[in-house]
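coords please:
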Amino acid sequence: MFDNTAEFLKQELAKLGDPKIIAGCPTCRKTLGDSSGREVAGVWDVLNDIGLPEGATKAHKAASLHDSCGARGDENTQKAVRKLARTLGVELIETEYSGDKSPCCGYGGLVSYANREVAHELAQSCLERTDAPYITYCMACRDRFAREGRESRHILELVYGTSAGDPPDISEKRRNRLVLKNSLLKEIWGEDAMEEQLDFPLDITEEARVQMDERMILDTDVIAVMRAYRETGDAVLDSGSELLITRHRIGNVTFWVKFEEQGAGYVVCGAYSHRMTVN
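You can find the predicted model right below:
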């Protein structure tokens, strides 16, 4: 699959005249450079060359710069990000373990999805290096630190004078990607994207959203389950909670949704999933 994707990218880049690629992620920069054989620059390299945009945040405070796993062995990227941080007025605190020795934030290898407790322990170990705020150049690292309650900013938040806010759950991440894709299609290529319209009222409680994020269940998974319920009417009543429970199989996963009917719509109160077959 990797080889197929790499070949697809080569073909599409060739159609564009083999342009220079600017990557905003050190892993993307390395992977695209290795697989495409084309010149790939980091966005920090470009910003160091052209200067900061209007509205850039002048930090004027001390912070520790955390090097992402994707930048190990990439001295040029490590130096470029530090240069950009100092241009932004950041007084950098170099810890004993930085650069190639920088520990994993707990996201690498998707640990945070496979075992959240291990991810928490890795993040805490990473944050023990200093009590100062952290600046990162990997959004996964920034979100991991923010989830642990540590002040952390992605360096592009400083460059563009903005704030990413609270770490998004997996459904929010997906929606953000779709918003970006649709915006680019419309503004750059003049294409109108097809957006799915929900044809019935659906509300998801905050408790259910926490469960869904922990269990890696997307809004779209829940919507698919509720669409199936509207077609079949199949559900069981939990006499303890007075909630209805319905399920729908998507691929090799069966998703279960706890909900109550409210007028013509539904309020989702919980969700879980199993890789199983229900006969």
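
Helix or strand next in line after the helix or strand containing residue 112, which one?
In the assignment (DSSP states H and E), residue 112 maps to helix 111-114. Per DSSP H and E, helix 111-114 leads on to helix 116-127 as the next helix or strand towards the C-terminus.

sorry, back to before: now do the buried residues in the helix holding residue 112.
Using 16 or more other CB atoms under 10 Å as the test for burial, helix 111-114 gives 111, 112. C-betas here are computed from N, CA, C, even on glycine.

Could you do stretch 247-266 as well?
Buried positions in stretch 247-266, judged by neighbour count with 16+ other CB under 10 Å: 247, 248, 249, 254, 255, 256, 257, 258, 259, 266.

residues in contact with the second one?
Taking CB atoms under 8 Å, 6 or more residues apart in numbering, we find residue 248 in contact with 224, 225, 227, 228, 229, 254, 255.

Can you list which of the residues you listed are found in strands?
Of the positions in the contacts of residue 248, 254, 255 sit in strands, assigned by DSSP state E.

Farthest pair within the contacts of residue 248?
227 and 254 (15.1 Å; CB to CB).

circling back: who wins for most neighbours among the contacts of residue 248?
Within the contacts of residue 248, residue 225 tops the neighbour count with 24 neighbours, counted by other CB atoms under 10 Å.

That one contacts residue 255, correct?
Yes: if you go by CB atoms under 8 Å, residue 225 and residue 255 touch, sitting 5.1 Å apart.

Would you mind grabbing the residues shared as contacts by these two?
Shared contacts of residue 225 and residue 255 (CB under 8 Å, 6+ apart): 247, 248, 271.

In strands, which of those fall?
247, 248, 271.

now, which of those sits nearest residue 109?
Using CB to CB, residue 271 comes nearest to residue 109 of these, at 25.7 Å.

Pull the contacting residues for residue 191.
residue 185.

That one falls within a strand, correct?
No: read with DSSP: H, G, I helix; E, B strand; the rest coil, residue 191 is coil and lies in no strand.

For residue 183, see how far away it is.
Note on residue 191: its distance to residue 183, by CB to CB, to the nearest Å, is 11 Å.

SS state for the one residue sitting closest to the centre of the chain?
Here the mean C-alpha position of the chain is nearest to the C-alpha of residue 173 (CA atoms, centre = their mean), at a distance of 5.2 Å. Under three-state DSSP, residue 173 falls in the helix class.

So for it, what's the pLDDT?
The model reports residue 173 with a pLDDT of 89.

swap in residue 278?
Here, the pLDDT recorded for residue 278 equals 61.

what is residue 91 paired to in the beta sheet?
residue 62 (DSSP bridges).

residues contacting it?
Residue 91 touches 60, 61, 62, 63, counting by CB under 8 Å, 6+ apart.

Scan the residues you listed and report the most crowded one.
Neighbour counts for those peak at residue 63, which has 21 neighbours (criterion: other CB under 10 Å).

From residue 103, how far out is residue 158?
Applying CB to CB to residue 158 and residue 103 gives a distance of 23 Å.

The two: which is more packed in?
residue 158 (23 against 19).

elements contacting the host helix or strand of that one?
Here residue 158 sits within helix 155-159, counting by DSSP H and E. In terms of contacts (3 or more CB pairs under 8 Å, 6 or more residues apart in numbering; DSSP states H and E), helix 155-159 is packed against helix 43-50, helix 75-87, strand 134-136.

Now do the first one against helix 75-87: the angle between them, please.
Right, helix 43-50. 60 degrees (axes from the mean of the first three to the mean of the last three CA atoms, to 10 degrees).

what comes up buried for helix 43-50?
Within helix 43-50, the residues that qualify as buried are 43, 44, 45, 47, 48, counting by 16+ other CB under 10 Å.

ok now it, how far from the chain's centre?
23 Å (CA atoms, centre = their mean, to the nearest Å).

Could you name the helices and strands sitting against it?
Partner elements for helix 43-50 (3+ CB pairs under 8 Å, 6+ apart): strand 21-23, helix 75-87, helix 155-159.

starting at the chain centroid, how far to the second one?
Yep, that's helix 75-87 we're talking about. Taking the mean of its C-alpha atoms, helix 75-87 sits 23 Å from the chain's own mean (CA atoms, centre = their mean).

All set now, cheers.
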